[in-house]
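Colleague: coords below, sequence missing:
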């Protein structure tokens, strides 16, 4: 008996697949947006790690599949046996070595990076997305007992937690992740440059990037900026690969990379539109809808990112508007005028306190604008463009959107020591059109020679003297505070102690028992009980020293918040360490001796051993 014939075959109907994808996208967006923000945050806390693990595993398999498809054209042996590959490999090695020798690994932005390091520890120990604020060592096991979700997307802490899983927990792993990303970033940048103008253009991109002191600065830190730039480069390279020969495997790999990019930084959502444009143009070039069934999962993978962003609804103070008293809203057109002036100061300023590059600033800006004009003039003939030029044109629009977003941001002053890391993506945005015009087939004779001479002069006369001084490292005094705290933590690593601090993540990452200093007044009885235990651990109090214009000393819990210990005379302390990071700022570490007028928790009679253990845990500060 013959089977009934369908009017259409779902497996062979691209239009149906597109309709299903659109429906899933709308449902996913509605579900993510209309789910109560508190529930979304709870789901991120409990399930965020599992989401990332699944997406990252699919991403790895997708990249492996791409390599398998290109296996006949990829022969690693020839990279070392043929002379024409030696110079690019040498450039990658020298570029990586140059970036890695520009300083010592350490925090570049104190609280942002310590928060991510603490989140990575929480993922490593609990498989949950949260940032521990309170932790105790129980029976020799370090146990986070309380915390909150960090406002920053969790992909970077997730990668750090994976390194913890495979190598054991080390505080320095946060810096090792960026060290491993450095050669990957340069390799991707070289490959994109090679697609634009040959292997010489690829080396030109490497030279331009390593001449940008900010790149060396952030790759030594513990922030997510190198990961953000690496994933942008990966999206751009995979876009070129997809546009050159659109197929299901390259589309899947590009889509998953875009999902990971969104899980890296808040503003990465702008690049989603660039990837969508690449996909649509790929369909137009292939004259068919390339849409495998597995693509139906992509809209679902964006739900956690939307939930995480809604954290700002629950915690409006996460915008940190208080850091700029004149700011009333996170974004506004009235910020553009002032921020644009600061952007000009960063990219073109001659002061040694800025980690900029004159060649990248001047040449990159001119060629960035020139490339956009070049693309607009040739837009009617876009079908004749190479895949590399087409992908770059789309991503340059995304970079321009990113710049405009920063200009409308209340804290978008790119020459600010804390904010200048936001300028990192524009290194790639400027370097690529720069080498495109320098190594274009129709470029005037002598253009390449001028490029090598100017970039070399910039490296030796501009970049190297700035790196030798690195004044931007010393202008941010909180980085010196972090070194003081790290030195104290290492010196007391074998001592079981409890630290009360307004920045508990700085101590949690060293696996030291910690309590937020702000809770000290309400934990008086628990702290006194802790002090009266036999062989009790030492209780340290870490505060910030600040001197006003008149030289009066003020002890702070955090920025502009007076330490509660100094407000309450019941807390009797003894100074242990006083160290200054600048003329007016420093760290004070004291030992808590006793708390007057407070009695410890009573000890019940006839208590069993298990009841004693439970009571001790309940009485922990």
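Modeller: Nice, I can see it. In this text, all values refer to a predicted model and were calculated from it rather than measured experimentally. Residues are numbered from 1 along each chain as shown.
Colleague: pLDDT of stretch 103-116, averaged?
Modeller: Within the predicted structure, the mean pLDDT of stretch 103-116 is 86.
Colleague: contacts for that stretch, please.
Modeller: Stretch 103-116 has contacts (C-beta atoms under 8 Å, 6 or more residues apart in numbering) with 131, 150, 152, 156-157, 160, 172, 174-176, 179, 216-218, 220-224, 418, 421, 470, 473, 476, 478-479, 481-483, 503, 505-506, 509. Using the backbone N, CA and C atoms, a C-beta is placed for each residue, glycine as well.
Colleague: restrict those residues to the buried ones and give me that as a PyMOL selection.
Modeller: The PyMOL command for the buried members of these (criterion: 16 or more other C-beta atoms under 10 Å) is given here:
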select buried, resi 131+150+152+156+157+160+174+175+179+216+217+218+220+221+222+223+224+418+421+470+473+476+478+479+481+482+503+505+506+509
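Colleague: inside helices: which ones of the contacts of stretch 103-116?
Modeller: 156-157, 160, 174-176, 179, 216-218, 473, 478-479, 481-483, 505-506 (DSSP state H).
Colleague: quick one, strands of this structure?
Modeller: If DSSP state E is used as the criterion, the strands of the chain fall at 131-138, 141-148, 497-501, 513-516, 538-547, 553-558, 561-562, 571-580, 585-595.
Colleague: and the nearest residue to residue 505 once chain neighbours are set aside, how close does it get to residue 110?
Modeller: The spatially closest residue to residue 505, leaving aside those adjacent along the chain, is residue 118, at 3.9 Å (C-beta to C-beta, 6 or more residues apart in numbering). Taken as C-beta to C-beta, to the nearest Å, the spacing of residue 118 relative to residue 110 amounts to 12 Å.
Colleague: now do residue 416
Modeller: When distance is defined by C-beta to C-beta, residue 416 is 14 Å away from residue 110.
Colleague: looking at these two, which is more packed in?
Modeller: residue 110 (22 against 15; other C-beta atoms under 10 Å).
Colleague: quick check: the gap between that one and residue 505.
Modeller: On the measure of C-beta to C-beta, residue 110 and residue 505 end up 10 Å apart.
Colleague: again, but for residue 499
Modeller: With distances defined as C-beta to C-beta, the gap from residue 499 to residue 505 amounts to 11 Å.
Colleague: neighbours around the residue nearest to residue 583 when sequence neighbours are not counted, how many?
Modeller: Distances taken as C-beta to C-beta, 6+ apart place residue 547 nearest to residue 583, at 7.8 Å, with adjacent residues excluded. Residue 547 is surrounded by 15 other residues when neighbours are defined as other C-beta under 10 Å.
Colleague: ok, residue 547 touching residue 553?
Modeller: Yes: here residue 547 lies in contact with residue 553, judged by C-beta atoms under 8 Å, at a distance of 5.7 Å.
Colleague: list the buried residues of stretch 181-189.
Modeller: Using 16+ other C-beta under 10 Å, the residues of stretch 181-189 that count as buried are 181-183, 185-189.
Colleague: could you pull up the mean pLDDT of it?
Modeller: Mean pLDDT, taken over the full extent of stretch 181-189, equals 96.
Colleague: contacts for that stretch, please.
Modeller: With contact meaning C-beta under 8 Å, 6+ apart, stretch 181-189 is reached by 92, 95-96, 99-100, 202, 205-206, 209-210, 219, 226-227, 229-230, 233-234, 236-237, 428, 431.
Colleague: of all the strands of the chain, which lies closest to residue 31?
Modeller: The closest of those to residue 31 is strand 141-148. By C-beta to C-beta, the value is 24.1 Å.
Colleague: within the sheet, what are the partner strands of that closest one, with directions?
Modeller: Taking DSSP bridges as the criterion, strand 141-148 pairs within the sheet with strand 131-138 (antiparallel).
Colleague: so what's the residue lying closest to residue 115 once chain neighbours are set aside up against?
Modeller: Nearest residue to residue 115, sequence neighbours excluded (C-beta to C-beta, 6+ apart): residue 150, at 4.8 Å. For residue 150, the contact set (C-beta under 8 Å, 6+ apart) comprises 115-116, 118-119, 130-131, 157.
Colleague: try it again at 6 Å.
Modeller: Shown in contact with residue 150 (C-beta atoms under 6 Å, 6 or more residues apart in numbering): 115, 119, 131.
Colleague: next, count neighbours for the first one.
Modeller: Translated: residue 115. Applying other C-beta under 10 Å, we find 22 other residues in the vicinity of residue 115.
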